[in-house]
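Novice: Could you look at this predicted model? Sequence included:
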Amino acid sequence: MEPTNPKAQRAQLLAHDRVVKQSHYQDSTSISAAFRKEVNLLIGNVIGSNMFNILGISGAVSLITPLTLSVDIEIVSLIVLILSVLILYPFIVLRKEINRFLGSAFITLYITYIAMLI
């Protein structure tokens, strides 16, 4: 659903531009960290970027216009978020290796999540 308020449309465009630029920066940093086997940098980059996107971007946009999500998106997003944390938590706490199988599972989960939102 596209916003009809011109301020909301500009805010949405700016937020989208910020997320796309941040995503490219995050991807290159994560790939570089993975090649150098700097796991802490990789995990910190992902967690920090997600926290900024959730808190910073949504907070900034909500200052301009109130944010409302449909119930379907809220439920799906919450389920995927909780599932991702539950899967990743033991690997972070127990410092186990995240292998290609788990990486493939996360990519599949992400693609499934995006498909469910469309």
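Specialist: Good, I have the coordinates.
Novice: Under the pLDDT cut-off, which ranges of the protein? List them.
Specialist: Across the chain, the stretches falling below the confidence threshold (pLDDT under 70) are 1-25, 69, 72-73.
Novice: mind listing the helices for it?
Specialist: Under the criterion DSSP state H, the chain carries helices at the ranges 6-35, 39-51, 58-64, 71-93, 100-117.
Novice: how about JSON lines for those, with mean neighbour count added?
Specialist: (C-beta placed from N, C-alpha, C; glycine too.) As requested, these are arranged in JSON lines below (neighbours: other CB atoms under 10 Å):
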{"stretch": "helix 6-35", "mean neighbour count": "13"}
{"stretch": "helix 39-51", "mean neighbour count": "14"}
{"stretch": "helix 58-64", "mean neighbour count": "13"}
{"stretch": "helix 71-93", "mean neighbour count": "12"}
{"stretch": "helix 100-117", "mean neighbour count": "11"}
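Novice: how close does the residue most central in space within the chain sit to residue 30?
Specialist: Most central in the chain under CA atoms, centre = their mean is residue 50, positioned 4.9 Å from the mean C-alpha point. For residue 50, the distance to residue 30 equals 12 Å [CB to CB, to the nearest Å].
Novice: now swap in residue 81 and tell me
Specialist: Relative to residue 30, residue 81 is positioned 19 Å away (CB to CB).
Novice: Could you do residue 61 as well?
Specialist: Distance of residue 61 to residue 30, given as CB to CB: 25 Å.
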